[in-house]
Structure formats: structure tokens, C-alpha cells
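Novice: quick one, fold the following:
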Amino acid sequence: MNISTDKQQIRQTILAAREQLSPELRAEYNAAITERLLQLPEYLKADTVLGYMNFGNEFASELWVARALSEGKRLALPRVNRHTNLLELYWVTDLKNQLEAGLWGIREPVVARCERLNAINEVEFVLLPGIAFSRNGARLGYGGGFYDKLLAHAPCASHRPALAAAAYGLQVVAQIPQETTDVRVEWIITEAETINCGAVPHSGQME
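Specialist: Prediction:
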């Protein structure tokens, strides 16, 4: 079985389904997901959070990012280093003046206007993007491996940040092929439910 081919098939299926959501329904889902995120205990007890700026038809994470700032959280956002092909993290306090269009048009921190984080363990809560997720926390990203590489350096067990993902319900699938480098999330928040992935058993690399 070819894991890469299987992953690509899932990506194509979910992206096509997500594309079919009307702007009105997407806005309704975005609002519901944002409110669920803001009530997640792991988020509420975190003083420092890592988010991302959305693009295309994915969950409008910008809503959550803005609320996190307004609630007094210390916010970090990622920027792609095009030389190393790795994510670098920066503290952001002003979404209007500290961001610019970067890779794929995604808004990223302006290096000259932001303070860089030294390590991922400076944040307590991480919101991850993705195309598809399974209920036991398997995550399928866009294929660049940016977040898997970033989180590979996260502290183990109790010292690492809580990992959550926000997605429309249609992005939650039964199974996702997994490789040893793939990082699982602990929570998946959709418009209809908050999924505790740690409560769902998993085994092996293929699911």
C-alpha cells in the first residue's frame, strides 16, 4: 500500500468537499468552531498560544487569533523560512501592522517588526491547520511536513504544549495513513463537537 498515494486521495476528496460549502454555511461553522475553541480548558489555562493565519476555504483561524489577542493571550504565529524550508515562530501583538503576505499568500509575521521565539516550548497551546483528521488524532496536512518538523522538537509528555485542531465536520474521516514522523493532535474542534482524541485508542502506523 502506498501511503503517499492514499494521503493524496484523501486530500483531494476533502478539499473538494470543503469547496462545496456555501459562504453562509462556512461563516456559521467558523463562528461555532471559534466559540468552542475559546471554551476549551487547555486554551483557557494557557497564557501563551501558537496559531496560524488561514487561507483558501479552511477554517477562519483569524477569528480565533484575534480573540486570543483580545483576551490577553501572548500570541505566536509561524513564518516559513524559504532557505531552510522550516517554520520559524514570532510573537505578534498587532495583526494589521506586523503581518505580510508570504508563501502561498498566507499572512506571516514581518521579521523586522516581531520578536522571534527560541523554541516551541515557549507556548502552552498550539492550534494546528490540516486538511483531514481522524478521531484518534491522526492529522493530514498539506504535504509540506512543516508542522511535523516543528513539533518534532517539542518537549515530551507533560512539558509539551497542548495540540488542537479546528476543522469542519466533513474533514473528520474514519482513517488516515500515518508515518512515524506524523504528529497527532489531542483535540479536534468542529462546528458540532469537541473530540478528545486521547480517549480514542490507536495502534500501529496504518489505521
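
Novice: center of this structure - which residue?
Specialist: With distances taken as Cα atoms, centre = their mean, the residue of the chain nearest its centroid is residue 128 (1.2 Å).

Novice: which helix or strand contains the nearest residue to that one once chain neighbours are set aside?
Specialist: For residue 128, the nearest residue in space outside its immediate sequence neighbours is residue 165; the separation is 4.8 Å by Cβ to Cβ, 6 or more residues apart in numbering. (C-beta placed from N, C-alpha, C; glycine too.) Using DSSP states H and E, residue 165 maps to strand 162-166.

Novice: can you count the residues close to residue 80?
Specialist: Counted by other Cβ atoms under 10 Å, the residues lying close to residue 80 total 17.

Novice: how close does it get to residue 106?
Specialist: Residue 80 is 8 Å from residue 106, where distance means Cβ to Cβ, to the nearest Å.

Novice: show me the contacts for the residue nearest to residue 89 when sequence neighbours are not counted.
Specialist: On the basis of Cβ to Cβ, 6+ apart, the spatially nearest residue to residue 89 that is not a chain neighbour turns out to be residue 117, at 4.1 Å. The neighbours of residue 117, taking Cβ atoms under 8 Å, 6 or more residues apart in numbering as the test, are 76, 89, 90, 91, 123.

Novice: got JSON lines for those residues, with secondary structure and distance to residue 141 too?
Specialist: Compiled in JSON lines, those are given as follows (DSSP: H, G, I helix; E, B strand; the rest coil; distance: Cβ to Cβ, whole Å):
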{"residue": "76", "secondary structure": "strand", "distance to residue 141": "19"}
{"residue": "89", "secondary structure": "strand", "distance to residue 141": "17"}
{"residue": "90", "secondary structure": "strand", "distance to residue 141": "21"}
{"residue": "91", "secondary structure": "strand", "distance to residue 141": "24"}
{"residue": "123", "secondary structure": "coil", "distance to residue 141": "19"}
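
Novice: so which of the residues you listed comes closest to residue 175?
Specialist: residue 123 (29.8 Å; Cβ to Cβ).

Novice: partners of the residue nearest to residue 128 in the sheet?
Specialist: For residue 165, the beta-bridge partners under DSSP bridges are residue 128, residue 188.

Novice: that one against residue 189, yeah?
Specialist: Yes - judged on Cβ atoms under 8 Å, residue 165 makes contact with residue 189 at a distance of 7.2 Å.

Novice: about what we covered before: let me see the contact set for the residue nearest to the centre of the chain.
Specialist: Taking Cβ under 8 Å, 6+ apart, we find residue 128 in contact with 52, 139, 147, 163, 164, 165, 185.

Novice: try 10 Å
Specialist: Shown here is residue 128, whose contacts under the criterion Cβ atoms under 10 Å, 6 or more residues apart in numbering are 50-52, 61, 139, 141, 147-148, 150-151, 163-167, 183, 185, 187-188.

Novice: just residue 95 next, same as before
Specialist: With the criterion set at Cβ under 10 Å, 6+ apart, residue 95 makes contact with 53, 62, 65, 66, 69, 75, 77, 107, 109.

Novice: thanks again, I'm all set now.
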